[in-house]
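Dropping the sequence and predicted coords here.
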Amino acid sequence: MSMTTAASSTRAASTESALGRLLEQFRAGKPAALARAVSIVENHRPGFEQVLAAQHALLGRARRIGITGPPGAGKSTLTTRLARLYREQGKRVGIVAVDPTSPFTGGALLGDRIRMEEVALDPGVFIRSMATRGSLGGLATATREVCDVLDGFGMDVILIETVGVGQSELDVARAADSTLVVLVPESGDSIQTLKAGVMEIADVYTVNKADRPGADRLRNDIELMLGLRAGAALQNVPAHHGVDLRSAPDRDALRDAMNPARAARAAAQGEPSDHWTPPVLRSIAAQQEGITEIADALDRHFRYLERSGELRTRRRARLRERVMEVVEQQVRQRLWRDAATLAWIDDQLDGLEAGTLVPFAVADALRARSEELLTGASFAPLQHG
């Protein structure tokens with residue numbers, strides 16, 4: 001055995017031994033072990049797959065709540081207030097807060113722990129700030145993996161606060177069981193509420209900083225959008241020649257047809273059986289107003305998910321996407337970390353530049369020549385740092 005091979009085997013054995021001790025401490029509920037496990041998984045350090053595999057059978061115990069909305073909407077404050085409320089209920093809370101990465105320096109402020117200082121020292125709360133590292137969609141690449149670690153550790157509730165990138169911030173809906181969209185009066189006029197994207201992923205809305213002018217109008221605009229989307233303006237309207245305004249049911253149907261916002265508000269109250277209409281709440285998180293109502297709405301939504309079978313559907317979709325993510329990640333790593341592959345691509349540049357080759361043909365040839373590389377049993381995991 002060569003010296004290089006012997007040194008490599010020694011390092012592998014040392015890593016395996018350290019990983020075993022870490023997982024033992026993790027299962028014993030040591031907070032320091034949780035922090036180390038999260039760091040290993042977030043940065044895809046050696047052993048991260050073993051850490052995730054050790055948690056897989058334990059997943060599904062924690063409720064995952066995504067909190068998203070435009071920058072400045074008060075997401076961090078609201079996350080803090082919700083965390084404190086859940087702690088008062090005796091629940092252990094994990095918080096994954098994503099901050100944007102600078103496109104110039106590659107750094108991130110990661111200031112969420114400062115903004116959440118009132119719960120940061122609570123032993124029942126674990127806060128992890130993560131940088132997007134260029135990932136779009138409002139979440140860091142490893143967000144769901146970190147949530148799996150928190151779930152496996154035994155957290156009861158995981159709050160996922162997104163970076164606040166606007167209408168393209170949709171990843172949180174795939175990472176969470178319930179999604180809370182936080183808006184403020186200055187989020188936009190009524191046209192803004194009709195735009196596709198982030199407005200369509202909400203399970204619960206709240207208009208935060210509701211003491212500002214325009215808050216009630218924004219709530220009404222959102223409810224109007226929900227009523228129109230659900231067809232509330234037409235679904236209960238009798239034929240025009242059959243309307244009897246002396247009849248209470250006909251009067252109610254006509255009233256809802258004329259006011260779909262009111263119909264949506266009525267549909268959002270109570271315990272739904274086969275359809276969920278997102279409630280539109282008001283809050284002033286800085287003054288702790290509306291937090292209980294938000295938590296109650298999220299609880300009602302979770303009960304709806306369980307009753308309707310939607311919770312299992314969402315979680316199975318999350319597992320399916322996880323497998324696809326792992327495959328895509330492994331393919332990228334195996335191809336773009338292979339020196340021979342990169343050199344082969346460089347050799348094709350002359351033909352591409354001259355127009356004798358096209359990118360599609362080069363891609364087909366690349367796949368054909370990389371079959372052994374892509375189907376190999378081992379690969380070096382990508383490390384972020």
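Everything's here; your move.

measure residue 354 to residue 91 for me?
Relative to residue 91, residue 354 is positioned 64 Å away (CB to CB, to the nearest Å). For glycine as for every other residue, the C-beta is placed from the backbone atoms N, C-alpha and C.

between the two, which one's more packed in?
More neighbours surround residue 91 than the other of residue 354 and residue 91, with 16 against 8 (other CB atoms under 10 Å).

Show the contacting residues for that one.
Residue 91 sits next to 124, 156-157 when contact means CB atoms under 8 Å, 6 or more residues apart in numbering.

Identify, from those residues, the entry nearest to residue 282.
residue 157 (22.6 Å; CB to CB).

What residues does that closest one make contact with?
62-63, 65, 83, 86, 91-94.

of the residues you listed, buried ones?
62-63, 65, 83, 86, 91-94 (16 or more other CB atoms under 10 Å).

And residue 70, its phi and psi?
With angles defined as degrees, to the nearest 10, residue 70 sits at phi -70, psi 160.

Against residue 171, how distant is it?
16 Å.

Those two: which is more packed in?
Comparing residue 70 with residue 171 by other CB under 10 Å, the one with more neighbours is residue 171, at 24 against 20.

any chance of the contacts of residue 91 in a markdown table, with pLDDT too?
Converted to a markdown table, the contacts of residue 91 look like this (pLDDT from 0 to 100):
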| residue | pLDDT |
| --- | --- |
| 124 | 94 |
| 156 | 97 |
| 157 | 98 |
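
Return the subset of these lying in strands.
residue 157 (DSSP state E).

okay if I get the contacts of residue 91 as JSON lines plus distance to residue 324?
Shown next, in JSON lines, are the contacts of residue 91 (distance: CB to CB, whole Å):
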{"residue": "124", "distance to residue 324": "34"}
{"residue": "156", "distance to residue 324": "28"}
{"residue": "157", "distance to residue 324": "27"}
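
Specify which member of the contacts of residue 91 is nearest to residue 338.
Checking the contacts of residue 91 against residue 338 with CB to CB, the nearest one is residue 157 at 42.2 Å.

Bridged to that closest one, which residues?
Beta-bridge partners for residue 157, by DSSP bridges, are residue 63, residue 93.

now residue 289
Per DSSP bridges, the residues bridged to residue 289 are residue 284.

if I read this right, it contacts residue 283, doesn't it?
Yes - counting by CB atoms under 8 Å, residue 283 is a contact partner of residue 289 at 6.0 Å.

which of those two has more neighbours?
residue 283 (24 against 15).

Can you report how many residues lie near the closest residue to the more buried one other than its chain neighbours?
Spatially, and ignoring its direct neighbours in sequence, residue 283 is nearest to residue 290 (3.0 Å; CB to CB, 6 or more residues apart in numbering). Neighbour count for residue 290, taken as other CB under 10 Å: 19.

Go ahead and confirm residue 290 touches residue 284.
Yes - counting by CB under 8 Å, residue 284 is a contact partner of residue 290 at 6.4 Å.

list residues touching both of those two?
residue 210.

what bridges to residue 161?
Residues in beta-bridge contact with residue 161 (DSSP bridges): residue 67, residue 97.

mind listing the strands for the stretch 151-300 of the chain?
Assigned by DSSP state E, counting those that start in this stretch, the strands in the stretch 151-300 of the chain fall at 157-161, 178-183, 204-207, 280-282.

would CSV of these with distance to residue 337 be doable?
Formatted as CSV, the strands of the stretch 151-300 of the chain follow (distance: least, CB to CB, whole Å):
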stretch, distance to residue 337
strand 157-161, 30
strand 178-183, 35
strand 204-207, 42
strand 280-282, 48
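
Select, out of these, the one closest to residue 217.
Residue 217 sits nearest to strand 204-207 of all the strands of the stretch 151-300 of the chain, at 9.6 Å, using CB to CB.

For that closest one, name the packing helices and strands.
With contacts taken as 3 or more CB pairs under 8 Å, 6 or more residues apart in numbering; DSSP states H and E, strand 204-207 sits against strand 178-183, helix 215-229, strand 280-282, helix 291-308.

Sort out which residues of the longest one are buried, please.
Burial within helix 291-308, assessed by neighbour count using 16+ other CB under 10 Å, is assigned to 291, 294-295, 297-298, 300-302, 304-305.

next structured bit after that helix?
Once the chain leaves helix 291-308, the next helix or strand it forms, by DSSP states H and E, is helix 310-336.

Please identify the buried residues of that following helix?
For helix 310-336, the buried set under the neighbour-count rule, 16+ other CB under 10 Å, comprises 311, 314, 318, 322, 334-335.

Pick the one among those closest to residue 226.
Using CB to CB, those come closest to residue 226 at residue 314, 20.1 Å.

follow-up on the earlier one: mind checking the strands of the stretch 151-300 of the chain for the one nearest to residue 44?
Nearest to residue 44 among the strands of the stretch 151-300 of the chain is strand 157-161; the distance by CB to CB comes to 19.3 Å.

Determine how far that closest one lies from the middle of the whole chain.
9 Å (CA atoms, centre = their mean, to the nearest Å).

Dump it to PDB, restricted to CA.
Included here for strand 157-161 are C-alpha records, laid out as PDB according to Å, rounded to 0.1, in the frame of the first residue of the first chain:
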ATOM      1  CA  VAL A 157     -42.100  23.400  14.600                       C
ATOM      2  CA  ILE A 158     -39.700  24.600  11.900                       C
ATOM      3  CA  LEU A 159     -40.100  28.200  10.700                       C
ATOM      4  CA  ILE A 160     -38.500  28.900   7.400                       C
ATOM      5  CA  GLU A 161     -38.000  32.600   6.700                       C
END
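
returning to that earlier point: show me which of the buried ones among the contacts of residue 157 is closest to residue 20.
Using CB to CB, the buried ones among the contacts of residue 157 come closest to residue 20 at residue 94, 23.9 Å.

quick one, what contacts the closest one?
Per CB under 8 Å, 6+ apart, neighbours of residue 94: 62, 125-128, 147, 150-151, 153, 155, 157-159.

residues of whichever strand or helix holds residue 361 that come out buried?
For residue 361, the enclosing helix or strand under DSSP H and E is helix 359-369. For helix 359-369, burial by neighbour count (16+ other CB under 10 Å) applies to residue 362.
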